[in-house]
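> Any chance you could fold what I've pasted below:
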Amino acid sequence: MSLAVLVARALTVMSLFVLAPSARAAPPPSACRPGETAVVVELQAHRLTLCAGGRVEGELDVALGTGGVGKRVAGDDRTPVGVYGLGAPRASRHYHLFVPVEYPTPAQRRLGFTGGAIGIHGPPRGYEWVTRRAPTKDWTAGCIALATDAQIELLATWIHDRAVHRVRLG
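Alright, predicted model coming up:
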């Protein structure tokens with residue numbers, strides 16, 4: 001069998017795999033829901049997505065609480081799951097900027113959920129170098145942390161410019 005015939009057969013076999021529907025890579029699912037304008041945190045992926053009108057406008061890696069997810073009580077070091085109001089970004093002496101997450105909701109409070117002071121922030125003052133090296137290593141007491149001050153400033157500007165008042169943690 002000639003080299004040309006072998007190459008032709010090899011290309012034919014390869015094309016079957018490339019063109020087969022099951023072999024085509026599907027686009028990754030979007031964190032944004034149709035029409036949604038919100039900050040969305042995919043907890044398993046450690047990713048914060050900026051959604052405007054259902055479209056992704058940016059993504060950032062995040063660190064979460066050392067206790068995992070599913071916050072129920074104060075001091076459990078867990079990051080909450082659910083949809084929450086988002087407060088206006090404000091200065092923080094511990095984290096440069098802090099964006100309050102309105103946890104727990106009134107319904108959660110009636111169910112006995114406790115705690116507060118949950119938010120999105122940057123690295124702790126004096127430890128910026130640590131978060132840049134391992135941006136998704138969970139270290140917070142239940143908050144969502146970005147790796148740099150520049151990232152929290154970008155988020156604060158995005159929230160302000162689009163009048164975003166909602167965060168979805170899931």
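> in the chain, which ranges drop under the pLDDT threshold?
Along the chain, the model assigns pLDDT under 70 to residues 1-28, 128-136.
> so where do the strands sit in it?
38-42, 47-52, 55-61, 82-85, 90-92, 96-100, 119-121, 144-145, 166-169 (DSSP state E).
> how about those strands, which one is nearest Ala74?
Of all the strands of the chain, it is strand 119-121 that lies closest to Ala74, at 14.6 Å by CB to CB. C-beta: built from backbone N, CA, C; applies to glycine.
> residues in contact with the closest one?
In this structure, residues lying in contact with strand 119-121 by CB atoms under 8 Å, 6 or more residues apart in numbering are 39, 48, 62, 87, 92, 94-101, 143-146, 152, 155, 167.
> Any figure for the gap between the residue nearest to the spatial centre of the chain and Arg93?
Centrality entry for the chain: nearest residue to the mean C-alpha point is Leu48, 2.1 Å, by CA atoms, centre = their mean. According to CB to CB, to the nearest Å, Leu48 and Arg93 sit 23 Å apart.
> same thing with Gly119?
14 Å.
> higher neighbour count, these two?
Gly119 (24 against 7; other CB atoms under 10 Å).
> can I assume the residue nearest to the centre of the chain is in contact with Val39?
Yes - the pair Leu48 / Val39 is scored as a contact, 6.4 Å apart, by CB atoms under 8 Å.
> Show me the common contact partners of the two, please.
Joint contacts of Leu48 and Val39 (CB under 8 Å, 6+ apart) are 120, 155.
> list the contacts for Trp158?
50, 57-58, 164.
> let's see it at 7 Å
Leu50 (CB atoms under 7 Å, 6 or more residues apart in numbering).
> Same check on Gly35?
Residues in contact with Gly35 (CB under 7 Å, 6+ apart) are 53-54.
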